[in-house]
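1. mind looking at a prediction? Sequence and model below.
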Amino acid sequence: MQTLGSLVDDEFVIYDDLGSTGLNDWRKEVLFEFLDQRYVSMKPTIVTSNLTREEIYQQIHPRVASRLFAKENTLIEVRDDDKRQS
């Protein structure tokens, strides 16, 4: 997890399209560790996803969702159809 350590230490990180790939147990654990360390160190992190809040709780993990939806975070939820061409 040396690579994870270098990401956690960056001053600003954007995690794009959370949930767009399959998440096995190892990926879920790495994602939680990443978000938890960013959360604890209070470093700004932007996370984008087309998943709803409920889907993140169910599909990814409640521990990940608890970090993303903590009261200390600023959330911008946009509900709109995907305008990208297939």
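-> Arrived safely.
2. for the chain, which residues score under the pLDDT cut-off?
-> Segments of the chain classed as low confidence (criterion: pLDDT under 70) are 1-7, 82-86.
3. ok, longest helix in it?
-> Longest among the helix segments of the chain by residue count, using DSSP state H, is helix 25-41.
4. what's in contact with that one?
-> Around helix 25-41, the neighbours that count as contacts under Cβ atoms under 8 Å, 6 or more residues apart in numbering are 1, 4, 7-8, 13, 15, 18, 21, 23, 45, 47, 60-61, 63-64, 67-68, 70. (Each C-beta comes from the backbone N, C-alpha and C, glycine too.)
5. buried subset of those residues?
-> Among the contacts of helix 25-41, the ones that count as buried by 16 or more other Cβ atoms under 10 Å are 8, 13, 15, 18, 23, 45, 47, 60-61, 64, 67-68.
6. just send those back as a markdown table, with distance to Gln37 too.
-> Compiled in a markdown table, those are given as follows (distance: Cβ to Cβ, whole Å):
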| residue | distance to Gln37 |
| --- | --- |
| Val8 | 4 |
| Val13 | 11 |
| Tyr15 | 13 |
| Leu18 | 16 |
| Leu23 | 18 |
| Thr45 | 10 |
| Val47 | 14 |
| Ile60 | 17 |
| His61 | 16 |
| Val64 | 13 |
| Arg67 | 10 |
| Leu68 | 14 |
